[in-house]
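Peer 1: What follows is a predicted protein model with its sequence.
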Amino acid sequence: MRYLATAFLISISCLACLDKESDNKAGKTKTVRILEHAPAEVVVSEVKTGPIYKIYTSVGNVTPKDTSRIFPKVGGKISEVFVEEGDLVKKGQLLLQIDTFDYTRVVENATAVMNQAGSNLDKANRDYDRIEKLYSDKAVSKQQLQDMKTALDLARFAYDQALTALKKANDDLKECGVRAPIDGMVTTKMVNPGELTSPQAMVFVIMQMGTVEIEVNLPEEAFGYVREGENAFASFDAIPDTAMKGVITKMYPTIDPLSRTIKIVITVDNPNLEIRSGMTARTKIIEIARENSIFAPKAALIPVEDQYICYRINSGKVEKTTVDVGIIGDEVFEVKKGLALGDKVVVQGVTGLRDGMSVKVVPLNPKGNP
C-alpha cells in the first residue's frame, strides 16, 4: 500500500507539470523581474586653456663648489695635527706642523753665509773705490781697475745668491706649518703625528660646502627651453621631505651623440651644511612650453596601443574619444585634437567604462576618492 501511495503522488506531479507546459503553449506569459544596475560613479574635470609646462626631471650627485687637495711644500716628520675629519676650518688656519729643527739649522747657516757675503761685498766696494781713485791719479793701470770691477761684480753676485738662499730657507721654515687654502670642511685626513710626509704626499682634502653643485643630464629637447640663470629644484634621498631651490649656472655647449642628452650644472646654496658631497639629488626644472594651450588632466589620458583615448561625458553617458596629444606634463597634457574647450572628461572611475555607458558624476572627496 505504501508503494502505491508514492506512485500516485508522482503521477499527480507529472500531470501538474504537463498542465503548466500546456498553459505556456496556450500563450500564457510568466512575469520575470529584471534588476537594473545603478550607473557607474565617476569624477570629471573640465578641459581648459592656459599655459602648459614642460617638466624635466633627472638624478645626479652632489659635488662641492670648491675642493682643495692639500700637499705640504716641504717634507719632514709631522709633530702635530690640529684638525680631524668633519672639522670646519677657515682660510689660513693651521692644519698640521712639521718638525722645524732641520729647517731652523738651514736658516741659521744661510744667515751666516749671507752675512759673510755682505762683508765681502763691503770690502769689494771699498777696494774698488780705492783703485778707482788711484786710476784717476794715474797710479794704477786700467787693467787693475777692470780686475777690481770684476771682483766687485762677483762679490755682489755672491751676496745676491746668499740672500736668495736665506729667503728660501725662511720660506721652507714657514711652510712647516701647513695651512688651509680655503674655508671649508675637512673631508679627508691622511696623516698622523710622528709620520713622515713629503711634497708628493696628499695630507688633507677640504671641501667648500656652503655652495654645492649638481651635474645632471637632460633630454636634448631641453636645449631649446632651458637657459642659464633659471631656477631649478632639488630634493635629496638623505634628507627626507626637503626640497631646495637652485639656479642653473652652466650648460655644456654640445649634446652627447650616444645618450642624446645635454649636461647642465645646478648650483644650490647650503648655508646649514645639510647637503653633503656624494648625496643623491633628484632635480626638477619647470619650463613654460606653451603660453596658451588647450589642456586636460593627465589622469584622463589612457594609452591604447599606439594612440591615446579619453572618456568624455555627453548627456549623462561616456563617449570614448581618440585624442591627439602634444606636450605631456606631470599633471596635464596638451590637447591638439579630439577634445574641445569646456568638455568634461573622466579622471576617476575609468575602470570598466564602455562607450555609451550611463554614468553618475560625483564630486571628489577630500581623500581623493569618488
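Peer 2: Good, I have the coordinates.

Peer 1: Tell me the spacing between Ala289 and Glu221.
Peer 2: As judged by Cβ to Cβ, to the nearest Å, Ala289 and Glu221 stand 10 Å apart. Yep, even glycine has a C-beta here, placed from its N, CA and C like the rest.

Peer 1: got it, and Asn109?
Peer 2: Counting by Cβ to Cβ - Asn109 and Glu221 are separated by 70 Å.

Peer 1: Chain neighbours aside, what residue packs nearest to Gln93?
Peer 2: Once flanking residues are discounted, Gln93 sits nearest to Ala180: 4.7 Å by Cβ to Cβ, 6 or more residues apart in numbering.

Peer 1: Is it correct that Leu121 falls within a strand?
Peer 2: No - looking at Leu121 with DSSP: H, G, I helix; E, B strand; the rest coil, it is helix, so not inside a strand.

Peer 1: That one against Arg156, yeah?
Peer 2: Yes - in this structure Leu121 lies within contact range of Arg156 using Cβ atoms under 8 Å: 5.8 Å.

Peer 1: between those two, which one's more packed in?
Peer 2: Neighbour totals were compared for Leu121 and Arg156, and Leu121 leads with 19 against 15 (other Cβ atoms under 10 Å).

Peer 1: coming back round to it: between Ala289 and Glu221, who's got more neighbours?
Peer 2: Under the criterion of other Cβ under 10 Å, the comparison of Ala289 against Glu221 puts Ala289 first, with 18 against 13.

Peer 1: Return the list of helices and strands in contact with the longest strand along the chain.
Peer 2: In the chain, assigned by DSSP state E, the strand with the most residues is strand 48-70. Applying 3 or more Cβ pairs under 8 Å, 6 or more residues apart in numbering; DSSP states H and E, we find strand 48-70 packed against strand 184-189, strand 204-219, strand 280-297, strand 317-328.

Peer 1: which residues does the closest residue in space to Ala340 that isn't next to it in sequence contact?
Peer 2: Excluding the flanking residues, the one nearest Ala340 by Cβ to Cβ, 6+ apart is Val47, at 6.7 Å. Counting by Cβ atoms under 8 Å, 6 or more residues apart in numbering, Val47 touches 294-296, 335, 339-345.

Peer 1: Export those residues to JSON lines and append columns for distance to Leu94 and pLDDT.
Peer 2: JSON lines is the format used below for the contacts of Val47 (distance: Cβ to Cβ, whole Å; pLDDT from 0 to 100):
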{"residue": "Ile294", "distance to Leu94": "67", "pLDDT": "94"}
{"residue": "Phe295", "distance to Leu94": "62", "pLDDT": "94"}
{"residue": "Ala296", "distance to Leu94": "65", "pLDDT": "94"}
{"residue": "Val335", "distance to Leu94": "67", "pLDDT": "94"}
{"residue": "Leu339", "distance to Leu94": "70", "pLDDT": "95"}
{"residue": "Ala340", "distance to Leu94": "74", "pLDDT": "94"}
{"residue": "Leu341", "distance to Leu94": "71", "pLDDT": "94"}
{"residue": "Gly342", "distance to Leu94": "73", "pLDDT": "94"}
{"residue": "Asp343", "distance to Leu94": "72", "pLDDT": "95"}
{"residue": "Lys344", "distance to Leu94": "72", "pLDDT": "95"}
{"residue": "Val345", "distance to Leu94": "69", "pLDDT": "96"}
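
Peer 1: Out of these, which comes closest to Phe233?
Peer 2: Set against Phe233, the nearest of the contacts of Val47 by Cβ to Cβ is Phe295 (21.8 Å).

Peer 1: Tell me, how many residues neighbour the closest one?
Peer 2: Counted with other Cβ under 10 Å, the neighbours of Phe295 add up to 24.

Peer 1: in terms of contact, does it touch Ile52 like I think?
Peer 2: Yes - Phe295 lies in contact with Ile52 (Cβ under 8 Å); the separation is 5.2 Å.

Peer 1: Give me the common contacts of the two.
Peer 2: 332, 334.

Peer 1: wait, what's in contact with Glu274?
Peer 2: Taking Cβ under 8 Å, 6+ apart as the contact definition, Glu274 lies against 239, 242.

Peer 1: Mind pulling the model confidence for it?
Peer 2: pLDDT, Glu274: 92.

Peer 1: Pretty sure Leu173 sits in a strand.
Peer 2: No - the assignment for Leu173, made by three-state DSSP, is helix rather than a strand.

Peer 1: Can you pull out the low-pLDDT segments for the stretch 101-250 of the chain?
Peer 2: Judged against pLDDT under 70, the stretch 101-250 of the chain has no low-scoring part.

Peer 1: mind listing the helices for it?
Peer 2: Using DSSP state H, counting those that start in this stretch, the helices found in the stretch 101-250 of the chain span residues 101-136, 142-174.

Peer 1: May I see those helices organised as a markdown table, with distance to Phe82 added?
Peer 2: Compiled in a markdown table, these are given as follows (distance: least, Cβ to Cβ, whole Å):
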| stretch | distance to Phe82 |
| --- | --- |
| helix 101-136 | 19 |
| helix 142-174 | 16 |
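
Peer 1: returning to that earlier point: now the angle from the longest strand of the chain to strand 204-219?
Peer 2: If you take axes from the mean of the first three to the mean of the last three Cα atoms, to 10 degrees, strand 48-70 sits at 150 degrees to strand 204-219.
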